[in-house]
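K.L.:
just coords:
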Ligand SMILES: Nc1ncnc2c1ncn2[C@@H]1O[C@H](COP(=O)(O)OP(=O)(O)OP(=O)(O)O)[C@@H](O)[C@H]1O
């Protein structure tokens with residue numbers, strides 16, 4: 001083995017030497033190019049013969065300018081390329097690879113040694129590859145096979161052969177610290193080591209230890225929709241991020257990072273995952289929360305309730321009649337029935353029911369809502385709805401033209417002309433010089449024209465933006481009892497429909513929009529005014545996808561018509577009311593059809609120790625399917641206490657305990673923001689801690705108090721469940737929230753209960769997965 005390490009170290013030294021030399025060369029080259037760029041920029045005009053005397057001179061000048069600009073752009077782009085290469089080389093200089101396969105291609109005698117790292121490195125002749133990028137076709141053998149027969153796919157076909165050996169290395173600072181022959185070792189030492197480490201301020205890349213099923217997700221480029229249903233901690237987010245890196249490599253000539261968008265649950269999560277791609281030498285994709293998008297699109301119309309306020313209401317509000325209505329409303333408005341209902345509603349508007357705003361100018365109606373309605377329904381009904389809207393807009397703009405002409409003669413115009421500033425007058429006269437005189441025989445006429453046009457500008461803009469369509473009222477009309485027969489067949493609406501109608505109308509009268517109404521409202525708006533879509537996005541990835549309704553998926557699909565979609569989620573963590581009854585992503589098959597859809601399950605969980613996984617999987621139905629990665633730790637503990645004073649004292653001591661054992665991140669996870677605020681208040685003087693709120697941007701190290709729904713997608717060395725009592729987690733619908741909270745723990749999990757423990761713990765208590773202390 002020593003001999004092997006020595007040999008390998010020699011190879012490593014050679015590779016590092018090459019990288020060092022390349023860094024030196026690129027640096028020298030890059031400095032030269034930089035000088036060139038500066039020179040061209042400085043002397044752009046000196047080197048150019050500007051002569052406009054004749055048409056030929058003019059043409060020559062233009063061509064010269066173009067040529068100069070082109071040269072500059074080529075050098076600049078080469079410079080950027082070199083800079084990226086330099087960054088990449090520097091990043092891998094001291095740890096250039098992490099694995100090796102000895103692969104013998106069929107029909108050959110000798111196995112090729114393929115070293116695998118984060119970026120490709122070739123020798124000075126550029127002919128021999130010293131390190132293969134982990135995304136290269138041959139590298140997939142490293143992730144997919146144990147020693148034995150193996151194949152991989154290249155653009156020209158499938159290569160078959162024998163994987164003779166597979167090595168894993170840990171290299172630090174240019175020294176091989178360990179190397180494992182995977183055919184001899186049991187288990188995955190490197191993965192053990194990686195998972196045993198503490199949390200980081202940011203999520204880490206997993207390229208050295210990608211597992212086979214994860215690799216399948218990362219490299220899957222078949223259909224339009226890839227759905228990944230995976231247990232908590234099974235690497236869904238990790239797979240999504242490495243998948244993006246894979247796309248950026250595979251399609252590097254045509255795909256840019258900003259053509260990929262990742263929908264994440266909140267800004268703290270976005271921040272948490274934002275280092276993975278740069279660590280892999282790639283630029284970050286766009287990241288958005290769906291809420292940000294809704295806010296952006298609806299900010300002019302409404303203050304939209306955010307999803308966390310909706311959740312907080314569902315967790316903490318009194319369980320009265322209104323609560324039941326709201327819950328039913330949330331479910332129904334997220335359903336495909338409601339989606340179809342809205343589409344039917346739009347169709348009925350073709351023949352009647354459109355609602356418009358009258359158009360006023362200086363307090364006087366120019367075109368009344370009634371006239372607009374009459375005009376709309378007098379148009380040729382065989383035209384497509386959106387064309388009719390367009391024609392109506394043109395008709396209104398013409399009306400505005402007429403009014404504009406007539407207004408120029410009015411007295412107010414003369415008054416306003418008197419008030420024009422010097423600058424404004426100058427502006428009008430400048431224009432006069434540009435325009436032909438013949439249109440403006442009188443100066444005053446021109447000023448009048450200026451004044452009226454200026455006043456009408458915003459009106460015109462409103463008409464252009466179709467603001468004369470009363471979408472708010474149209475949405476409200478959807479909840480009018482008169483629509484029932486037209487829109488809904490028997491049994492399609494929930495039993496609470498009557499009270500949902502009232503609740504929704506009251507909300508709209510207050511000029512508010514609940515979270516559950518935001519996407520439906522936007523859909524209706526788009527069906528009537530035309531869809532805003534973004535065709536430049538080629539890949540959309542949706543993480544924590546169990547939190548999206550089928551309605552929202554439909555919407556995202558329309559929004560990005562040219563994109564392929566990757567959807568990753570776990571229904572055991574579906575904490576929003578609209579999704580708490582769903583158990584799988586089957587409904588998504590309808591989105592692009594079965595031929596374009598592939599579903600993959602990830603069952604092994606990597607985040608937590610075996611003991612934590614064996615406990616948490618007892619909390620959910622069919623939890624036995626979740627497999628633990630064999631990493632040992634302490635058994636989770638449930639401690640039952642008498643009162644809150646005791647609870648806070650115990651938490652203080654426990655946090656100290658965890659920190660003494662090396663935990664860098666400790667989360668005290670609560671049910672809601674309300675419970676978190678109370679816990680924070682009580683613990684503040686005892687422990688140095690931070691309260692995480694919905695607008696917290698950064699993942700915090702140290703001790704945090706956090707509501708379970710904000711801890712989604714992230715992880716902590718040690719987790720304390722603040723109060724797992726029957727009083728707090730008494731209701732069945734909190735099971736998934738409770739599971740989400742417990743699965744955030746990597747190494748240690750401790751639950752407290754003031755008084756009787758939650759019935760949700762039932763199976764786990766009986767199965768002795770949990771040590772109980774009274
Ligand atoms: N192949 C792997 N190698 C190393 N670490 C891994 C691997 N797969 C997952 N992990 C680690 O497991 C943890 C959980 O991964 P990740 O957050 O991607 O899971 P998830 O399925 O998105 O979880 P959740 O649904 O709970 O949010 C992370 O620390 C991640 O780095």
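P.N.:
Yep, it's here. None of these values were measured; they are calculated from a predicted model. Numbers count the residues shown, from 1 in each chain.

K.L.:
strands paired with the strand with the most length in the chain, and their directions?
P.N.:
Counting by DSSP state E, the longest strand found in the chain is strand 157-172. Here strand 157-172 is paired, per DSSP bridges, with strand 99-105 (antiparallel), strand 148-154 (antiparallel), strand 175-181 (antiparallel).

K.L.:
list the buried ones in the first one?
P.N.:
Think strand 99-105. 99, 100, 101, 102, 103 (16 or more other Cβ atoms under 10 Å). No exception for glycine: its C-beta is placed from N, CA and C like everyone else's.

K.L.:
what sits against the last one?
P.N.:
By Cβ atoms under 8 Å, 6 or more residues apart in numbering, the residues touching residue 103 are 111, 112, 114, 138, 141, 150, 161, 162, 163, 164.

K.L.:
nearest to the ligand among those residues?
P.N.:
Nearest to the ligand among the contacts of residue 103: residue 141, at 16.4 Å, using Cβ to the nearest ligand atom.

K.L.:
which ones are touching the closest one?
P.N.:
Contacts of residue 141 (Cβ under 8 Å, 6+ apart): 101, 103, 114, 150, 151, 152, 163.

K.L.:
who are the contact partners of the first one?
P.N.:
The one in question is residue 101. 113, 114, 116, 138, 141, 142, 163, 165, 166, 167.

K.L.:
what's the PyMOL line that selects buried ones from the residues you listed?
P.N.:
Filtering the contacts of residue 101 down to the buried ones (16+ other Cβ under 10 Å) takes a single PyMOL command:
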select buried, resi 114+116+138+141+142+163+166+167
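
K.L.:
got JSON lines for the contacts of residue 103, with distance to the ligand too?
P.N.:
Shown next, in JSON lines, are the contacts of residue 103 (distance: Cβ to the nearest ligand atom, whole Å):
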{"residue": "111", "distance to the ligand": "26"}
{"residue": "112", "distance to the ligand": "25"}
{"residue": "114", "distance to the ligand": "20"}
{"residue": "138", "distance to the ligand": "20"}
{"residue": "141", "distance to the ligand": "16"}
{"residue": "150", "distance to the ligand": "19"}
{"residue": "161", "distance to the ligand": "24"}
{"residue": "162", "distance to the ligand": "25"}
{"residue": "163", "distance to the ligand": "19"}
{"residue": "164", "distance to the ligand": "24"}
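
K.L.:
okay, residue 83: pLDDT?
P.N.:
We have a pLDDT of 84 for residue 83.

K.L.:
mind checking how far the residue lying closest to it once chain neighbours are set aside is from the ligand?
P.N.:
Of all residues not flanking residue 83 in the chain, residue 30 sits nearest, at 6.4 Å (Cβ to Cβ, 6 or more residues apart in numbering). Distance of residue 30 to the ligand, computed by Cβ to the nearest ligand atom, to the nearest Å: 34 Å.

K.L.:
residue 108 too?
P.N.:
Using Cβ to the nearest ligand atom, residue 108 is found at 31 Å from the ligand.

K.L.:
tell me how many other residues crowd the closest residue to that residue other than its chain neighbours.
P.N.:
For residue 108, ignoring the flanking residues on the chain, the nearest one in space by Cβ to Cβ, 6+ apart is residue 161 at 7.9 Å. Neighbour count for residue 161, taken as other Cβ atoms under 10 Å: 19.

K.L.:
please apply the same query to residue 188.
P.N.:
Quick note: residue 188 (other Cβ under 10 Å) scores 18 neighbours.

K.L.:
likewise for the one 5 residues further on?
P.N.:
The number of residues packed around residue 193, counting by other Cβ under 10 Å, is 14.

K.L.:
give the pairing partners of the helix or strand hosting residue 704; include direction for each.
P.N.:
In the assignment (DSSP states H and E), residue 704 maps to strand 702-707. Using DSSP bridges, strand 702-707 pairs in its sheet with strand 665-670 (parallel), strand 689-691 (parallel).
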